[in-house]
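S.K.: Predicted coordinates and the sequence they were generated for:
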Amino acid sequence: MSEKALEISNLVKVYANNLKALKGISFSVEKGDFIALLGPNGAGKSTTIGIICSLVNKTSGEVKVYGHSIDEDLEAAKRCIGLVPQEFNFAQFETCKQIVVTQAGYYGVPRKKALIKAEEVLKQLGLWDKANVQARQLSGGMKRRLMIARALMHEPKILILDEPTAGVDIEIRRSMWELLTQLNEQGTTIVLTTHYLEEAEQLCRNIAIINHGEIIENTTMKDLISRLDVETFVLDLDKMPKKFPDIAGIVFRKRDDSSIEIDVPKQSDLNQVFNHLSKEKIKVLSMRNKANRLEELFVQLTEKNAEASHV
Amino acid sequence: MFKKYNKAAFIALQSIIIKEITRYFRIWVQTLLPPAITMSLYFVIFGQLIGSRVGQMGGVSYMEYITPGIIMMSVITNSYSNVVSSFFSSKFQRNVEEMLVSPVPTLFILMGYVLGGVSRGLLTGIIVTIVASQFVDININNWAILIVVVILTSMLFATGGLVNAIFAKKFDDISIVPTFILTPLTYLGGVFYSIKLLPEFWQSVSLANPILYMVNAFRYGFLGFSDIEIVHALVLISVFIVSLLSLAYYLLAKGIGIRS
């Protein structure tokens, strides 16, 4: 049996309007991995997920899920997957319990077992008190959680989430992060697409970036982050220094009357900055990254790819 | 035929059928009540008021004559409309994807929707029969023919509804066939009259209407007479069922109208 949870080779998708959404992408996901699939809108993420889950017919190429080819053993491949799609796609007039129990039935879970599992999963997602409420009456965050609950009913080996936290408040987003981390620790492979790069950085061990239907990066999160040359920090101060120190490589900028920005090259000595401010008897009240580190890299990579594709 | 399918496929089938039945019971005011009211009006207006002046037809009262056709009309309409609206709504709300991502075999998706439609068709048939029994004595001439014909006809139109829903892209598309094809064919299918009353040319034209065969075969089950040969009716219905089921299976398997 294959050691890979997901193997994608030379996957091509050309839509009826001749749009080449995927140009022969290849990548794989290890069992138990937590991988982010990132890319700008229209890059090919949802098409890739659609093909893996049989919602989109591929033009050519191969997809294997836990060793099962979707061409030769589609049913076995489907059994391994739990999908949380980007858009709400449940029957709006059915209750939460009906939705999850029916879904379990599609995977062959007997009704009695499905009812027990439904209680467990809905409780896990904080939806048990809404079990008999129609889906259309739920808030946006609850609907997102319902889609995760539905995908978990047959205990999938690989959970694919297409922007699961879009439009969800930070509290619910964090509780979803906890749940996903917990599922991953229990052995579920997770593939996540998201626009919140902070989310990807915090949760995922590996990352694949797709742009214009091509994989432009497929590496570990650690490796990607280590490629950052410069990081920008924001320092909130109790008062502004008379002049900025002259420290090799470090660039200072005044942000407003009580905060400054500093660009710090990788492996620079930040202590010099603090020493200088201490000498001036200026207190640093707080310090934070100006922007998400991954966001900067993401923009750099996708822009570089866009330039290359225009040559 | 079903040996290659495991228990899971049958559980999936059960889930689709339960989902379908729950759906039309949830909206019973739109699904189960209207046939009872509409058909009561048919019995009152065509059966009692006009029928009393028409006199006998085929050796029975006009009310008795139209009863099988009216029941069949509700079976046809409800079997068709259940599947066409349910499947199209699933497409529209995209919850058909729940099934497409799951390992339910295509044959079982097809059977689930068709059996869901058949269950509503038969249930409304029973409701209309109960309503009819308030106006006329119901006597059954041949139970076997009656049951076989009603089930096959219901299956046929449930499958037709599914094919319509697969091709439909907007809500208008699911009302075109019932309004412009199904309703005229039903009214011209010998529900209210015997084609023997028509001039020879129109009798021959009527024979091209498949609903005529179903209504007459069903009438045979009730009253023991028919404008056409029962064997011809059964063969025709079977041919239509096999053709439409094959088409629906092909469309679902290829993902036409439901996959990009």
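M.R.: Yep, that arrived.
S.K.: Tell me how many other residues surround the residue in the stretch 151-300 of chain A positioned nearest to chain B.
M.R.: As assessed by Cβ to the nearest Cβ, chain B sits closest to A:H154 within the stretch 151-300 of chain A, at 8.1 Å. (Each C-beta comes from the backbone N, C-alpha and C, glycine too.) A:H154 has 24 neighbours, counted by other Cβ atoms under 10 Å in any protein chain shown.
S.K.: Over to the one 4 residues further on?
M.R.: A:I158 is flanked by 22 other residues according to other Cβ under 10 Å.
S.K.: give me phi/psi at the nearest residue to it once chain neighbours are set aside?
M.R.: Residue nearest to A:I158 in three dimensions, not counting chain neighbours: A:T189, with 4.3 Å by Cβ to Cβ, 6 or more residues apart in numbering or on different chains. Per-residue torsions, A:T189: phi -80, psi 140 (degrees, to the nearest 10).
S.K.: and A:T189, how many residues sit next to it?
M.R.: Residues near A:T189, counting by other Cβ under 10 Å, number 25.
S.K.: what comes into contact with the worst-scoring helix or strand of chain B on mean pLDDT?
M.R.: One helix or strand of chain B scores below all others by mean pLDDT, DSSP states H and E: helix B:51-54, with a mean of 80. Helix B:51-54 is contacted by residues B:61-63, B:66 when judged by Cβ atoms under 8 Å, 6 or more residues apart in numbering or on different chains.
S.K.: So what's the residue count around A:R288?
M.R.: Neighbour tally, A:R288, other Cβ under 10 Å: 9.
S.K.: And it, how close does it get to A:K242?
M.R.: Look at A:R288 and A:K242: by Cβ to Cβ, to the nearest Å, they are 24 Å apart.
S.K.: What segments of the stretch 1-150 of chain B are strands?
M.R.: Using DSSP state E, counting those that start in this stretch, the strands of the stretch 1-150 of chain B run over B:56-57, B:60-61.
S.K.: JSON lines for those strands, including distance to B:R94, mean neighbour count and mean pLDDT?
M.R.: Listed next are the strands of the stretch 1-150 of chain B as JSON lines, based on distance: least, Cβ to Cβ, whole Å; neighbours: other Cβ atoms under 10 Å in any protein chain shown; pLDDT from 0 to 100:
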{"stretch": "strand B:56-57", "distance to B:R94": "50", "mean neighbour count": "14", "mean pLDDT": "82"}
{"stretch": "strand B:60-61", "distance to B:R94": "51", "mean neighbour count": "18", "mean pLDDT": "88"}
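S.K.: Could you export these as a markdown table, including distance to A:L228?
M.R.: Converted to a markdown table, the strands of the stretch 1-150 of chain B look like this (distance: least, Cβ to Cβ, whole Å):
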| stretch | distance to A:L228 |
| --- | --- |
| strand B:56-57 | 89 |
| strand B:60-61 | 90 |
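S.K.: and B:G189, which of those strands is closest to it?
M.R.: Smallest distance to B:G189 across the strands of the stretch 1-150 of chain B (Cβ to Cβ): 15.3 Å, for strand B:56-57.
S.K.: Partner strands of that closest one and their direction?
M.R.: The strands beside strand B:56-57 in its sheet (DSSP bridges) come out as strand B:60-61 (antiparallel).
S.K.: From the chain's centroid, how far away is the partner strand?
M.R.: Mean-position distance between strand B:60-61 and its chain equals 25 Å (Cα atoms, centre = their mean, to the nearest Å).
S.K.: got a list of contacts for it?
M.R.: With Cβ under 8 Å, 6+ apart as the test, strand B:60-61 has contacts from B:51, B:136, B:223.
S.K.: Those residues of chain B touching chain A, which are they?
M.R.: B:6-9, B:11-12, B:14-16, B:18-19, B:22-23, B:26, B:89-90, B:93-95, B:97-105, B:255, B:259-260 (Cβ under 8 Å from any Cβ of the partner chain).
S.K.: List buried members of those by neighbour count.
M.R.: B:8-9, B:11-12, B:14-16, B:18-19, B:22-23, B:89-90, B:93-95, B:97-105, B:255 (16 or more other Cβ atoms under 10 Å in any protein chain shown).
S.K.: Among the residues you listed, name the ones in helices.
M.R.: Those of those mapping onto helices are B:8-9, B:11-12, B:14-16, B:18-19, B:22-23, B:89-90, B:97-101, per DSSP state H.
S.K.: contacting residues for the most centrally placed residue in chain B?
M.R.: Nearest to the mean C-alpha position of chain B, counting by Cα atoms, centre = their mean, stands B:I76 at 2.4 Å. Neighbouring residues of B:I76 by Cβ under 8 Å, 6+ apart: B:121, B:153-154, B:157, B:182, B:186, B:211, B:214.
S.K.: For chain A, see how far away it is.
M.R.: According to Cβ to the nearest Cβ, to the nearest Å, B:I76 and chain A sit 26 Å apart.
S.K.: Test for you: state the pLDDT assigned to that residue.
M.R.: B:I76 is assigned 94 on the pLDDT scale.
S.K.: What's the local residue count around B:A132?
M.R.: 23.
S.K.: That one and B:I126 touch, don't they?
M.R.: No - counting by Cβ atoms under 8 Å, B:I126 is not a contact partner of B:A132; they are 10.5 Å apart.
S.K.: filter the contacts of helix B:51-54 to the buried ones?
M.R.: B:61-63, B:66.
S.K.: Just give me the closest of the contacts of B:I76 to chain A.
M.R.: Among the contacts of B:I76, B:G121 lies closest to chain A (Cβ to the nearest Cβ), at 21.6 Å.
S.K.: Setting the sequence-adjacent residues aside, check what's closest to that closest one.
M.R.: Here the residue nearest B:G121, using Cβ to Cβ, 6+ apart, is B:S79, at 3.3 Å.
S.K.: got a list of what that neighbour touches?
M.R.: B:S79 touches B:117-118, B:120-121, B:153-158, B:161, counting by Cβ under 8 Å, 6+ apart.
S.K.: again, only using 6 Å
M.R.: Residues in contact with B:S79, defined by Cβ atoms under 6 Å, 6 or more residues apart in numbering or on different chains, are B:117, B:121, B:154, B:157-158.
S.K.: Neighbour count and pLDDT for the residues you listed - can I get that in TSV?
M.R.: TSV is the format used below for the contacts of B:S79 (neighbours: other Cβ atoms under 10 Å in any protein chain shown; pLDDT from 0 to 100):
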residue	neighbour count	pLDDT
B:G117	29	97
B:G121	30	96
B:S154	28	96
B:F157	31	95
B:A158	30	97
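S.K.: Which members of these are positioned in helices?
M.R.: Members of the contacts of B:S79 lying in helices (criterion: DSSP H): B:117, B:121, B:154, B:157-158.
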